[in-house]
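In: Make a model of this:
(chains A and B)
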Amino acid sequence: MHELSLVTSIVETVTESLDAYQKARVLAVRLRVGALASVVPDSLEFCWGIVCEGTPLEGSRLIIDLLPVVVHCERCGKDAELEGVQSFRCPRCGEPCGELRQGRELEIDSIEIDEEERTA
Amino acid sequence: MTRIVELRRGILKKNDELAAALRLSYAEAGVLVVNLVSSPGTGKTAFLERTLTELRARGSRVAALVGDLETDNDARRLASSGAPVRQINTHGICHLDAEMIGKHIDGWPEVTLRGLDYLFIENVGNLVCPSSYDLGERIRVVLLSVTEGEDKPLKYPTMFNSADAAVITKMDISEPCGFDRELALHNINEIRPGIRIFETSAKTGAGMEEWLAYLAEIRKDRR
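Out: Below you'll find the model as predicted:
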């Protein structure tokens, strides 16, 4: 996708959230990215340093948690994790599964901040 | 002192919020909004042109928004159906987003949502990025032509998996193209089990009846 605009949006959102923590520096940002989010982690990381420059996120790490697709199998009555995105069938019984429980996530999970500068 | 702060915010939150507001306004106006997505060259415009013309002939009030990087060629083509059509030029952006849709609906002199039964949005030809941008539509329809190869759904699972219906276009030339219909249907179903599939030709009108009946059915079933 257009990873640069995503990274810009992440940096904006994180910067806004820092309003509550004056002069905080961001050490790390953790994302949750589903297997169906159409996002390339390498491209996010490639843009990261450039976009963070001159912001409170400068020098921060980007941590990406990749989430596999989880479907709900009607036949088994259970959720099941898929290994890839080439076949949406229950890995236990082979039933086609139309119901997704996980895999489209594209969100900022959390940030790690350093508040020391505030008191210094 | 370091600490972890939970944010749990969608990266596309701004778009998602705008889309939610649009969805509400479509529902209040009683208009069925359909987002058409495909690669460039699948035949979205020809399919939409036929859809608009046939719906108008049945007395439905229809309009279309059409997205392209540049030119208003598609809007001019679609206008021959007699329906109000508005072009959105994204100038390099590879998808439509909720903000563009909202702006173009607001500043559209000849159209109000309340005056419509159906509003079609022809997205920018791209099977990747439009899948992430909610436009507030009620249904997302992915199109695949017989010239593209039966494995498109496997190559672009995100788009096919997020669609509510699939339309195969250009069925009139499926034979000379060596199109393997069974394989295409199988692949679509592997990625999106149980999805409604329409096999159509904008040229001959094949499959259009089923497609229009499906739209009418969805429109009646107000959620």
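
In: Return the set of residues that bridge with the residue of chain A found nearest chain B.
Out: With Cβ to the nearest Cβ as the measure, A:Pro96 is the residue of chain A nearest to chain B, at 3.2 Å. Backbone N, C-alpha and C define where each C-beta goes, glycine included. When bridges are called by DSSP bridges, A:Pro96 pairs up with A:Arg89.

In: Report the contact partners of it.
Out: Counting by Cβ atoms under 8 Å, 6 or more residues apart in numbering or on different chains, A:Pro96 makes contact with A:88-90, B:189-190, B:193-194.

In: out of the residues you listed, which one sits closest to B:Asn35?
Out: Of all the contacts of A:Pro96, B:Asn35 sits closest to B:Gly194, with 19.6 Å by Cβ to Cβ.

In: roughly how far apart are that closest one and chain A?
Out: B:Gly194 sits at a distance of 5 Å from chain A (criterion: Cβ to the nearest Cβ, to the nearest Å).

In: what's around the residue lying closest to that residue once chain neighbours are set aside, how many residues?
Out: Spatially, and ignoring its direct neighbours in sequence, B:Gly194 is nearest to A:Gly98 (4.7 Å; Cβ to Cβ, 6 or more residues apart in numbering or on different chains). Look at A:Gly98: counted by other Cβ atoms under 10 Å in any protein chain shown, it has 14 neighbours.

In: next one: the one 4 residues further on
Out: The number of residues packed around A:Gln102, counting by other Cβ under 10 Å, is 18.

In: coming back round to it: so how far is A:Val71 from the residue nearest to B:Gly194?
Out: Distance, A:Gly98 to A:Val71, by Cβ to Cβ, to the nearest Å: 8 Å.

In: so where's the longest helix in chain A?
Out: helix A:3-17 (DSSP state H).

In: How about chain B?
Out: From DSSP H, the single longest helix across chain B is helix B:13-29.

In: So is it next to chain A?
Out: Yes: residues of helix B:13-29 contacting chain A under Cβ under 8 Å from any Cβ of the partner chain: B:13-14.

In: Quick one: residues contacting the nearest residue to B:Gly82 once chain neighbours are set aside.
Out: The shortest distance from B:Gly82 to any residue other than its chain neighbours is 5.8 Å, reached at B:Arg56 (Cβ to Cβ, 6+ apart). Contacts for B:Arg56 were tallied using Cβ under 8 Å, 6+ apart; they are B:62, B:81-83.

In: so which pair among the residues you listed is furthest apart in space?
Out: B:Val62 and B:Gly82 (9.2 Å).

In: what about the two, which has more around it?
Out: Using other Cβ under 10 Å as the criterion, B:Val62 and B:Gly82 rank with B:Val62 on top: 24 against 12.

In: neighbours around residue 14, how many?
Out: Just going to use chain A. A:Val14: 22 neighbours (other Cβ under 10 Å).

In: Correction: the question concerned chain B.
Out: Neighbours of B:Lys14 (other Cβ under 10 Å): 15.

In: ok, now B:Ser162?
Out: 20.

In: all strands of chain B, in order?
Out: B:2-10, B:32-37, B:62-68, B:85-89, B:118-122, B:139-145, B:165-169, B:196-199 (DSSP state E).

In: which residues are contacting the next helix or strand after the longest helix of chain A?
Out: As assigned by DSSP states H and E, the chain's next helix or strand after helix A:3-17 is strand A:25-34. Strand A:25-34 has contacts (Cβ under 8 Å, 6+ apart) with A:10, A:14, A:18, A:39, A:41, A:44, A:56-57, A:59-67, A:69, A:102-114, A:117, B:2, B:11.

In: which of the residues you listed count as buried?
Out: A:10, A:14, A:18, A:39, A:44, A:56-57, A:60, A:62, A:64, A:67, A:69, A:102-114, B:11 (16 or more other Cβ atoms under 10 Å in any protein chain shown).

In: Just the ones of those residues in helices?
Out: Among those, the ones falling in helices (DSSP H) are A:10, A:14, A:44.
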